[in-house]
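K.L.:
just coords:
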(Lines give C-alpha, C1' and ligand atoms only; values in the text may rest on other atoms or scores of the structure.)
Protein backbone atom coordinates (compact mmCIF):
# COMPACT_ATOMS: atom_id res chain seq x y z
CA UNK A 1 0.00 0.00 0.00
CA UNK A 2 1.43 3.33 -1.06
CA UNK A 3 1.15 6.33 1.30
CA UNK A 4 0.93 9.78 -0.29
CA UNK A 5 -0.07 13.38 0.32
CA UNK A 6 -1.87 15.77 -2.00
CA UNK A 7 -2.40 19.48 -1.38
CA UNK A 8 -4.54 22.10 -3.05
CA UNK A 9 -2.87 25.44 -2.34
CA UNK A 10 -5.23 28.40 -2.61
CA UNK A 11 -4.41 32.01 -3.50
CA UNK A 12 -6.73 34.72 -4.80
CA UNK A 13 -9.58 32.32 -5.60
CA UNK A 14 -7.26 29.93 -7.45
CA UNK A 15 -5.72 26.54 -6.76
CA UNK A 16 -2.12 25.75 -7.68
CA UNK A 17 -2.46 22.81 -10.08
CA UNK A 18 0.18 20.51 -11.50
CA UNK A 19 -0.22 19.23 -15.07
CA UNK A 20 1.67 15.92 -14.93
CA UNK A 21 3.59 15.63 -18.20
CA UNK A 22 7.25 14.81 -17.49
CA UNK A 23 7.54 11.38 -15.85
CA UNK A 24 7.50 8.18 -17.88
CA UNK A 25 5.09 5.44 -16.73
CA UNK A 26 3.23 7.99 -14.60
CA UNK A 27 -0.28 6.83 -13.73
CA UNK A 28 -1.17 10.56 -13.52
CA UNK A 29 0.29 11.40 -16.95
CA UNK A 30 -1.64 14.25 -18.64
CA UNK A 31 -3.85 14.67 -15.57
CA UNK A 32 -4.13 17.86 -13.50
CA UNK A 33 -3.72 17.35 -9.76
CA UNK A 34 -2.60 19.24 -6.66
CA UNK A 35 0.97 18.96 -5.40
CA UNK A 36 2.30 16.22 -3.17
CA UNK A 37 3.92 12.83 -3.30
CA UNK A 38 5.02 9.65 -1.60
CA UNK A 39 6.01 9.31 2.03
CA UNK A 40 9.64 8.69 2.86
CA UNK A 41 10.39 6.16 5.63
CA UNK A 42 9.45 7.47 9.06
CA UNK A 43 7.56 10.53 7.81
CA UNK A 44 4.24 11.71 9.20
CA UNK A 45 1.59 13.03 6.77
CA UNK A 46 2.48 16.60 7.78
CA UNK A 47 6.22 16.06 7.24
CA UNK A 48 5.59 14.48 3.83
CA UNK A 49 3.26 17.31 2.83
CA UNK A 50 5.69 20.06 3.79
CA UNK A 51 8.66 18.35 2.11
CA UNK A 52 6.81 17.51 -1.12
CA UNK A 53 5.29 20.97 -1.51
CA UNK A 54 8.70 22.57 -0.99
CA UNK A 55 10.37 20.19 -3.47
CA UNK A 56 7.74 20.67 -6.18
CA UNK A 57 7.00 24.38 -5.77
CA UNK A 58 9.61 26.02 -3.55
CA UNK A 59 6.80 27.09 -1.22
CA UNK A 60 6.95 26.63 2.54
CA UNK A 61 3.45 26.08 3.87
CA UNK A 62 2.61 28.17 6.94
CA UNK A 63 -1.13 27.39 7.21
CA UNK A 64 -2.69 24.15 6.02
CA UNK A 65 -5.57 21.86 6.94
CA UNK A 66 -5.85 18.06 6.83
CA UNK A 67 -9.13 17.53 4.96
CA UNK A 68 -9.48 13.81 4.41
CA UNK A 69 -8.17 10.38 3.49
CA UNK A 70 -8.75 8.99 0.01
CA UNK A 71 -8.28 5.26 -0.53
CA UNK A 72 -7.52 4.41 -4.17
CA UNK A 73 -7.96 0.81 -5.29
CA UNK A 74 -7.08 -0.18 -8.84
CA UNK A 75 -6.78 -3.26 -10.98
CA UNK A 76 -3.68 -1.71 -12.64
CA UNK A 77 -1.76 0.16 -9.92
CA UNK A 78 -0.78 -0.34 -6.33
CA UNK A 79 -3.46 0.63 -3.82
CA UNK A 80 -2.91 4.01 -2.18
CA UNK A 81 -3.88 5.93 0.97
CA UNK A 82 -3.78 9.60 0.01
CA UNK A 83 -3.75 12.21 2.78
CA UNK A 84 -5.58 15.24 1.36
CA UNK A 85 -4.78 18.79 2.47
CA UNK A 86 -5.62 22.36 1.56
CA UNK A 87 -3.36 25.33 2.27
CA UNK A 88 -3.97 29.05 2.29
CA UNK A 89 -0.72 30.58 3.49
CA UNK A 90 2.86 30.03 2.39
CA UNK A 91 6.25 31.66 2.01
CA UNK A 92 8.54 31.76 -1.03
CA UNK A 93 12.29 31.25 -0.95
CA UNK A 94 14.54 33.75 -2.64
CA UNK A 95 17.05 33.05 -5.40
CA UNK A 96 19.89 33.17 -2.87
CA UNK A 97 18.29 30.21 -1.05
CA UNK A 98 18.71 27.86 -4.02
CA UNK A 99 20.38 24.63 -2.93
CA UNK A 100 21.36 23.38 -6.38
CA UNK A 101 25.12 23.77 -6.33
CA UNK A 102 25.65 22.10 -9.72
CA UNK A 103 24.61 25.31 -11.52
CA UNK A 104 25.11 28.97 -10.86
CA UNK A 105 22.26 30.22 -8.72
CA UNK A 106 21.32 32.78 -11.37
CA UNK A 107 20.95 29.97 -13.93
CA UNK A 108 18.97 27.58 -11.75
CA UNK A 109 15.60 26.62 -13.20
CA UNK A 110 14.22 25.04 -10.04
CA UNK A 111 10.89 26.40 -8.74
CA UNK A 112 12.45 27.88 -5.61
CA UNK A 113 12.05 31.43 -6.85
CA UNK A 114 10.48 33.40 -9.66
CA UNK A 115 7.14 32.50 -11.15
CA UNK A 116 5.73 29.07 -10.46
CA UNK A 117 5.68 27.46 -13.89
CA UNK A 118 7.69 24.25 -14.02
CA UNK A 119 8.69 21.45 -11.71
CA UNK A 120 10.28 18.05 -12.24
CA UNK A 121 6.87 16.44 -12.83
CA UNK A 122 5.17 18.94 -15.12
CA UNK A 123 3.74 22.43 -15.37
CA UNK A 124 2.45 24.42 -12.40
CA UNK A 125 -0.41 26.83 -12.96
CA UNK A 126 -2.76 28.88 -10.78
CA UNK A 127 -6.26 27.89 -11.96
CA UNK A 128 -9.53 29.63 -11.04
CA UNK A 129 -11.33 27.37 -8.58
CA UNK A 130 -14.44 27.48 -10.80
CA UNK A 131 -12.43 25.98 -13.68
CA UNK A 132 -10.67 23.18 -11.78
CA UNK A 133 -13.43 20.61 -12.45
CA UNK A 134 -13.17 21.24 -16.20
CA UNK A 135 -9.52 20.11 -16.29
CA UNK A 136 -8.57 16.53 -17.23
CA UNK A 137 -8.46 14.77 -13.84
CA UNK A 138 -9.27 11.35 -12.48
CA UNK A 139 -13.04 10.80 -12.23
CA UNK A 140 -12.74 10.19 -8.50
CA UNK A 141 -10.90 13.48 -7.99
CA UNK A 142 -14.15 15.28 -8.84
CA UNK A 143 -15.73 13.73 -5.76
CA UNK A 144 -13.27 15.20 -3.27
CA UNK A 145 -12.70 18.40 -5.27
CA UNK A 146 -16.42 19.17 -5.12
CA UNK A 147 -16.20 18.81 -1.34
CA UNK A 148 -13.13 21.08 -1.17
CA UNK A 149 -14.69 23.66 -3.47
CA UNK A 150 -17.85 23.79 -1.36
CA UNK A 151 -15.71 24.81 1.65
CA UNK A 152 -17.24 21.96 3.66
CA UNK A 153 -14.90 21.85 6.69
CA UNK A 154 -15.86 18.31 7.73
CA UNK A 155 -13.06 15.74 7.63
CA UNK A 156 -13.94 12.82 5.34
CA UNK A 157 -12.83 9.45 4.11
CA UNK A 158 -13.45 8.46 0.51
CA UNK A 159 -12.81 5.13 -1.17
CA UNK A 160 -12.61 4.99 -4.96
CA UNK A 161 -12.22 1.81 -7.00
CA UNK A 162 -10.90 1.95 -10.55
CA UNK A 163 -11.01 -0.54 -13.40
CA UNK A 164 -8.36 0.84 -15.70
CA UNK A 165 -9.06 4.59 -15.81
CA UNK A 166 -12.80 4.09 -15.22
CA UNK A 167 -14.24 4.83 -11.78
CA UNK A 168 -16.10 1.59 -10.98
CA UNK A 169 -17.44 2.55 -7.54
CA UNK A 170 -16.97 5.00 -4.70
CA UNK A 171 -18.07 5.53 -1.13
CA UNK A 172 -17.83 8.48 1.26
CA UNK A 173 -17.54 7.63 4.95
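P.N.:
Done, it's in. All values reported here derive from a predicted model rather than from experimental measurement.
K.L.:
Out of the helices and strands in the protein, which is least certain?
P.N.:
The weakest-scoring helix or strand in the chain, judged by mean pLDDT, DSSP states H and E, is strand 118-119 (a mean of 69).
K.L.:
contacting residues for residue 32?
P.N.:
By C-beta atoms under 8 Å, 6 or more residues apart in numbering, the contact list for residue 32 reads 17, 18, 19, 20, 127, 132, 135, 136, 137. Every residue, glycine included, has its C-beta placed from N, CA and C.
K.L.:
one more time with 6 Å, if that's ok
P.N.:
Residue 32 is in contact with 17, 19, 135, 137, counting by C-beta atoms under 6 Å, 6 or more residues apart in numbering.
K.L.:
And the pLDDT for the residue lying closest to it once chain neighbours are set aside?
P.N.:
Leaving aside its chain neighbours, residue 32 sits nearest to residue 135 (4.0 Å; criterion: C-beta to C-beta, 6 or more residues apart in numbering). According to the prediction, residue 135 has pLDDT 96.
K.L.:
Count the residues that sit near residue 135.
P.N.:
The local packing of residue 135 (other C-beta atoms under 10 Å) involves 16 other residues.
K.L.:
again, but for the one 5 residues further on
P.N.:
Burial of residue 140, expressed as a neighbour count using other C-beta under 10 Å, amounts to 19.
K.L.:
Doesn't it lie inside a strand?
P.N.:
No - Residue 140 is assigned helix when assessed by DSSP: H, G, I helix; E, B strand; the rest coil, not a strand.
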